[in-house]
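[1] any chance you could fold what I've pasted below:
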Amino acid sequence: MTIEVRPATVFEDVATLVGPKRPDATVCWCLSYRIPSARNTALRGEARGELVRELVAQDVPPGVLAYDDGEPVGWAAVHPRADTGFARNRRIPRLDELPVWSLWCVRVRPGHRGRGLAHHLVAGAVELAREHGAPAVEAYPVDNRGAKVDLTMAYVGTRSLFERAGFTKAADTTSVLNGFPRVLMRLDLRS
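    Purely as a prediction, here's the structure:
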C-alpha cells in the first residue's frame, strides 16, 4: 500500500469519493456543512456536482484526497470555519476569535477501510490548512467511547481518531449524531 494525500484538485477523483452513482441524484457531495443550509436544500441534481467542480478549481481546494497507488480511496473536507455552516452552528460552540479551519468529513471507500487511511486523511487535511495559514484546525467527531459507530454516520470521525492526530478536546457540544455526543477537538498549529 502506497498512500499519498493531495489537495482535492481533480474533480473526477472527488466525484469518485463523494459524488452519486447517477449525476442527477441529489445527494451530499460533502456540501451540507460547506454551504448555507438554504442553498444546500435548494441545490438539486447535477447542479450539486457543478458547484463542487467550481470549489475544486478554487485556490483553496475543498479538502484532500488519499490515493493508493494512484487510485482515489479517501476524502477529507477541510476549510476555514468562517466559510462553513459551523460559523453559524448553535450546537457546536465557537471558542474564540481565532480564524480556525474546520475538518468535518473523513470518508474511505468500501474495500479500503480498516487500513489506517483515516489517519492519513486527517494528517493531510491538517497539512493543507497549515499551508494556507490556518492557526488551528477543529473537528467535531463523536465521542463513542469505543462503541461501534454506524458507517453512514462515521464520516465525522471519532474522538480517538483525532486524539491520535494530536487534537485535544476543547469543548463539549450539544450536537448528537447516531446517539453519540459530538465534541469539539482542536489542534493548534501556531507553534
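[2] contacts, neighbours, all on C-alpha from now
    OK.
[3] distance from stretch 23-43 to the middle of the chain?
    14 Å (C-alpha atoms, centre = their mean, to the nearest Å).
[4] can you give me the mean pLDDT across it?
    Mean per-residue pLDDT for stretch 23-43: 90.
[5] low-confidence regions, the protein specifically.
    1 (pLDDT under 70).
[6] and with 80 instead?
    The chain contains residues with pLDDT under 80 at 1, 23.
[7] all helices of it, in order?
    For the chain, the helices defined by DSSP state H cover 11-18, 37-42, 46-56, 117-131, 159-164.
[8] so what touches the fourth one?
    In this case it means helix 117-131. Contacts to helix 117-131, defined as C-alpha atoms under 8 Å, 6 or more residues apart in numbering, come from residues 3, 5-7, 63-66, 74-79, 101, 103, 106-108, 136-137, 161-162, 165, 189.
[9] buried subset of these?
    Listed as buried from the contacts of helix 117-131 are 3, 5-7, 63-66, 74-79, 101, 103, 106-108, 136-137, 162; burial here means 16 or more other C-alpha atoms under 10 Å.
[10] ends of stretch 59-75, what's the gap?
    Taking C-alpha to C-alpha, to the nearest Å, stretch 59-75 runs 18 Å from one end to the other.
[11] picking up where we left off before, could I get the helices of the chain in TSV, plus columns for distance to Leu184?
    Below are those laid out as TSV (distance: least, C-alpha to C-alpha, whole Å):
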stretch	distance to Leu184
helix 11-18	24
helix 37-42	21
helix 46-56	26
helix 117-131	15
helix 159-164	9
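[12] in strands, which of the contacts of helix 117-131 appear?
    Counting by DSSP state E, the contacts of helix 117-131 place 3, 5-7, 63-66, 74-79, 101, 103, 106-108, 136-137 in strands.
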